[in-house]
Every structure is written in structure tokens, then in C-alpha cells.
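**Q** Take this sequence and fold it.
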Amino acid sequence: MDEAERTALAELLGMDRYPTATCTLQVARLETRLAEMGAPDARTVTETIVGPFTDPVADRRDRDTLWAWLRGHPVVAAEPALLGWAADTERAGLVGGSVPATRALLEQALAVIAALPAEATPLSVFAGDIVGDTHALDGTRRLAGLVLRALAALYDVPPPKDAAERRDLWERAGIACDALSTTVLVAGFRPRTSGPLAETLRTWADAGQAAVITLRQLQEPPAPGLGDATVWITENPAVLAVALRDLGTACPPMVCSSGWPNSAVIRLLRTLRDAGARLRYHGDFDGEGLRIAAYLMSKVDAEPWRMSTADYLTALDGTAALPDPGRITEAPWDPDLAAALRTHRAAVAEELVADTLMADLGQR
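**A** Below you'll find the predicted structure:
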């Protein structure tokens, strides 16, 4: 305490000498004196001067509860690549030191992530639809930065550093992308619906050829439904090419994600799912392949197709000089798969198991 504060305290308590710069007071004595003066209690007076008291134990418990909620959120659990983003977010700390404010922001971010990829929607329109604020995802706004860092974690790319990189990442997630150049490769499609798209797809299927569908075509009714058919999804076009070579006009319905599924892929698969189709997915056995598989399964409810630990180990048998699988994240559909890739440090490209996949397609 400075001299003025020591004088004030001595007068308040009726001391016969000034207290030292640092002293200890009996709360009961202070409460008695404040009551005699008709003043509020000691806690109220102190909080008026220095601000509200906090409970460190309760604060820590609230923070731990918040971060546990984030790590266990269904969006994060479905795509384990987001666990790193969740850890980074925790290290960044609370928004304004507030647990409720931080949770509110995270709930918005998770809602945005769950709604992606968009379907060539302008960013402001998308933001308005999802969080009720057309500017919430603008530029360097806090929510935009949080979502973009999550997307960077999903796609395993560095967080964007400037406006151009932010635009590229948003476009990769289907925001304001070109609905004509955003396409999906398919084969064996014989829709039960009518219209130009359905007729075109049936024509190419009857010719034993693949077809390309644009996002713009998928946005126009009627949707190309296949009823309760099983639709086989591959990550790589080469596998679809092998299916057409081996099966020709007998090729079953197939969709190729061509790596990370874009808005057209997701739109088509959701349409097929909603019409009753069963979706089965196969991709590469490497770090990127696991992330793509988790992403696609979470977005369209696809089932894994020969994507188990046993399938991976079988594919390794007798195969030498395989490339490193890169950064590995967990596989929600098989808790042992990521560990197996870490142990063997060997990636198995989808093309290497094409014969096994063709056997499944031929026996459908």
C-alpha cells in the first residue's frame, strides 16, 4: 500500500499507528467496522474495487469440461484429423477468458464444418444460412480463422496466410466454386428417373463407358436415383477404369471421389443415400487415404469396403518397397488400422488391390 492507502486503512479501523505497506487483517474486524458504518460487506466492497472473485478450482474444472466436450464432439470424433485442431484451439486458450463465449464460438465453428462442403454457395450466403450472420466468415474474423484452421487440418495443408490462400481453401470446401467445372466421375449408372441426365447416364452405362456429371446438373431436378442399389465408391479413377475394362456393361454403379471428394461427389452420394442406396467406400491405405475415408463416411454415411486392418495386412503380404504412408490419423471405423500403418510404415495404393475389389464387384 502507498501512504494514502495506509492512512485510509488506519482511519477506517481506528488504528493507533499506520499499518505497514503489507499487512494482514482480520476479516471479522473489517466486517464489524463496515457494518457500523452501514456499508456493504467486505466481499462486496472488495469486488467493487478489484473486480469479482474467482474460484480457481471451479474455473479449471469448467475449462477441462469445455475441452473434453470439444474433443468428444461428434464432428471431431467422426474425423480424427480434427483432434490436432482441437488441441491447437485448446492451447490458444479461451476467448476473452470466458468459457461460455468460447463454447458459443466453437459451436458455430463445428456447425460450419458439419455443413461443408457447400454446393458452390457464396461465402456470405453460406454464413447467413449456418450461423445467421452473413459476415461471420469474412476475412480474418475469429470464426473464419477457426474454421479455416480446421479445414487445413482436414486437408493436411498449412493454415492460409493471406486472402488468396483463404479463398483457395474455401473453394476447396465448395464455397463459391464453379458449378460447371466441379464434377464427379461415375460408371454403371442406370437411374430409375427420367430427364436428360438420367438418359445420358443410362446411355453411357449401356455402352460400358464412364460418365462425368457436373454439380450444375446435379442441382437440377430430377435427381438421378438408383433405388436400393449398392453403390461402390473408389478414391482413384484407375480402379474405376479397371472395372470398366473387366466388367464392361455389367459394371455395377460406381462413383469415384478422385481424391478428396468435392461438392459434386458429396451432392451425388447424398442424393443416392436419401433415395435408399447402400454406399460402400474403398481408398488408399495411407495417412491421406484414412482422412479422406473418414471425411466421406461422416458426410454421406458410407460403409467401409475392404478397409479393415485385416485387409491392410493382407495387402502387405508379399509386397515390397512400398512408400511411406505419411502423417497418420485415426480410422473411426477400425481402431487398430492407424496403429498397423504406424507399425509397418507402408502405404498400399488402391490400385494394388484392384483384383480383390474386382472380385467383389463381379460377385455382387
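**Q** Strands along the protein, start to end?
**A** Using DSSP state E, the strands of the chain run over 183-187, 211-214, 230-234, 254-256, 278-282, 303-304.
**Q** Residues touching the shortest one, excluding its own?
**A** By C-beta atoms under 8 Å, 6 or more residues apart in numbering, the surrounding residues in contact with strand 303-304 are 278-282, 293, 297, 333-334. Just so you know, the C-beta spots here come from the backbone N, C-alpha and C atoms, and that holds for glycine as well.
**Q** Check the second one too.
**A** The set of residues that contact strand 211-214 without belonging to it, under C-beta under 8 Å, 6+ apart, is 179-187, 189, 197, 200-201, 204-205, 224, 264, 268.
**Q** which among these end up buried?
**A** Restricting the contacts of strand 211-214 to buried positions leaves 179, 182-187, 189, 197, 200-201, 204-205, 224, 264, 268, with burial counted as 16 or more other C-beta atoms under 10 Å.
**Q** farthest pair in the residues you listed?
**A** Greatest spatial distance in those: Ala179 and Ala205, 23.7 Å, computed using C-beta to C-beta.
**Q** Pull out the buried residues from stretch 40-48.
**A** Ala42.
**Q** What of stretch 76-91?
**A** Under the neighbour-count criterion of 16+ other C-beta under 10 Å, stretch 76-91 has 76, 79-86, 89-90 buried.
**Q** So which of those residues are in helices?
**A** Among the buried residues of stretch 76-91, the members found in helices (DSSP state H) are 76, 82-86, 89-90.
**Q** mind putting those residues in CSV, pLDDT and distance to Ala338 included?
**A** Output for those, formatted as CSV (pLDDT from 0 to 100; distance: C-beta to C-beta, whole Å):
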residue, pLDDT, distance to Ala338
Val76, 97, 16
Leu82, 97, 15
Leu83, 96, 12
Gly84, 95, 13
Trp85, 97, 17
Ala86, 97, 17
Thr89, 97, 22
Glu90, 96, 22
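**Q** show me what contacts Ala10?
**A** 17-19.
**Q** Any chance of a ChimeraX selection covering the buried ones in the residues you listed?
**A** Buried members of the contacts of Ala10, defined by 16+ other C-beta under 10 Å, are picked up in ChimeraX with:
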select :19
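**Q** Among the contacts of Ala10, which one lies nearest to Trp305?
**A** Of all these, Trp305 sits closest to Pro19, with 78.2 Å by C-beta to C-beta.
**Q** Am I right that that closest one is in contact with Leu9?
**A** Yes - using C-beta atoms under 8 Å as the test, Pro19 is close enough to Leu9 to be in contact (5.7 Å).
**Q** got any residues that touch both of those two?
**A** With contacts taken as C-beta under 8 Å, 6+ apart, the residues that reach both Pro19 and Leu9 are Met1.
**Q** now the ones in helices among the buried residues of stretch 76-91 as CSV including distance to Glu165?
**A** Below are those laid out as CSV (distance: C-beta to C-beta, whole Å):
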residue, distance to Glu165
Val76, 24
Leu82, 20
Leu83, 23
Gly84, 19
Trp85, 17
Ala86, 22
Thr89, 20
Glu90, 24
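**Q** Return the helix or strand in this structure with minimum mean pLDDT.
**A** Between all helices and strands in the chain, the lowest mean by mean pLDDT, DSSP states H and E belongs to helix 42-50, at a mean of 72.
**Q** Now tell me what touches that one from outside.
**A** Here helix 42-50 makes contact (C-beta under 8 Å, 6+ apart) with 27, 30-31, 34, 39-40, 53.
**Q** run the last query once more with 10 Å
**A** With C-beta atoms under 10 Å, 6 or more residues apart in numbering as the test, helix 42-50 has contacts from 25, 27-35, 39-40, 52-53.
**Q** cool, stretch 242-251 as well?
**A** The contact list for stretch 242-251, computed with C-beta under 10 Å, 6+ apart, reads 187-189, 205-210, 232, 234, 236, 240, 252, 254, 256, 351, 354-355, 357-359, 361-362, 364.
**Q** So which of those are in helices?
**A** 205-206, 240, 354-355, 357-359, 361-362.
**Q** What's the PyMOL syntax to select whichever of those are buried?
**A** To isolate the buried ones among the ones in helices among the contacts of stretch 242-251 in PyMOL, judged by 16+ other C-beta under 10 Å, type:
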select buried, resi 205+240+354+357+358+361
